[in-house]
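**Student:** sequence and predicted model, in that order:
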Amino acid sequence: MRNSIFIVMIAVLAGVVTIISQSGATYSQTDHKDSLADNFTPHKIVEKRSLVEKLYKEIGLEDKLQYDAFEKAMVGYEQLNPKNKNIISIIDFTLPSTEKRLYVIDIKNKKLLYHTIVSHGRNSGEKYATSFSNRHGSHQSSLGFYITENTYQGGNGYSLVLNGLEKGINDQAKPRAVVIHGADYCSEAVIKSTGRLGRSYGCPALPRELAKPIINTIKNGTMLFIYAQDQDYMAQSKILKQSQSLLAQHIDDADSSSFTY
């Protein structure tokens, strides 16, 4: 009799343990699913895109800078996490040199600080910059993401060192002495007389009167993005490709119809 009671008690205890284990597993799975839901990347991507669109409008860029350039700049801004996060600069080489295509933006205070003309490399094109290179002696502009460094007085006066961050695309900027500086050939007077700006050896050259204030605004660790609708660059840029591949991966795992760009 005692043996029978003992066996029954063992069976009951085993059943209780099984129920508790199953409940714990179910709770664990539910908790894990909740955690995944809280960190579901497509929602976060959509949320970030909404914030970028909002920022774009709040700064007042809608009739000045095309959205694609701004969005790609913000992709790099988030990934690179520059030392000075308050200021970013964008050069839009889809525009002709006769138009204002440099934008210095105060992200913190949501203001466009400077909007001016900027020269491209002499072998990148005439009125439009259409060819780009990272090679020494190419006298072409280089696209992509940069971080600004120190200033110095050189042959072109007050100048700003640029550190190209994309290997094979613009990482030779410093050895090539591609810097921001002022130039007489970057002026409205030159545009009126020749129909385009003068061109550099690859440097983003500025009007003389704006070079110093702009350089002092963007020096020491701000991000610069030089943009063009260039398929080679888009295919090679790891900064942009990483963001695009992550987006594609996560949207494939979800109902893409529920997300808006």
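**Tutor:** On my side now, so go ahead.
**Student:** centre of the chain to the helix or strand hosting Phe225, how far?
**Tutor:** Taking DSSP states H and E as the definition, Phe225 sits inside strand 223-227. Its chain's C-alpha centre and that of strand 223-227 lie 8 Å apart, by CA atoms, centre = their mean, to the nearest Å.
**Student:** parallel or antiparallel, list what pairs with it.
**Tutor:** The pairing partners recorded for strand 223-227 under DSSP bridges are strand 87-92 (parallel), strand 144-154 (antiparallel).
**Student:** what comes into contact with the shortest one?
**Tutor:** The set of residues external to strand 87-92 that reach it, using CB atoms under 8 Å, 6 or more residues apart in numbering, is 65-66, 69-70, 73, 77, 82, 101-107, 113, 118, 204, 217-218, 222-228. Glycine gets a C-beta too; all of them are placed from N, C-alpha and C.
**Student:** so the nearest residue to Tyr185 once chain neighbours are set aside, which of the three states?
**Tutor:** Nearest residue to Tyr185, sequence neighbours excluded (CB to CB, 6 or more residues apart in numbering): Gly198, at 2.4 Å. Using DSSP: H, G, I helix; E, B strand; the rest coil, the structure places Gly198 in coil.
**Student:** same deal with Val161?
**Tutor:** From three-state DSSP, the assignment for Val161 is strand.
**Student:** okay, and the beta partners of it?
**Tutor:** Beta-bridge partners, per DSSP bridges, of Val161: Val179.
**Student:** pretty sure it is touching Tyr146, no?
**Tutor:** No: under the criterion of CB atoms under 8 Å, Val161 makes no contact with Tyr146, lying 9.7 Å away.
**Student:** next, the buried residues of stretch 116-132.
**Tutor:** Buried residues in stretch 116-132, defined by neighbour count with 16 or more other CB atoms under 10 Å: 116-125, 127-129, 131-132.
**Student:** any idea how far apart the tips of it sit?
**Tutor:** Taking CA to CA, to the nearest Å, stretch 116-132 runs 21 Å from one end to the other.
**Student:** same thing with stretch 166-184?
**Tutor:** 30 Å.
**Student:** can you list the buried residues in it?
**Tutor:** Buried positions in stretch 166-184, judged by neighbour count with 16+ other CB under 10 Å: 166, 169-173, 176-183.
**Student:** centre of the chain to it, how far?
**Tutor:** With CA atoms, centre = their mean, you get 18 Å for stretch 166-184.
**Student:** one step back: could you give the mean pLDDT of the strand holding Phe225?
**Tutor:** Per-residue pLDDT over strand 223-227 has a mean of 98.
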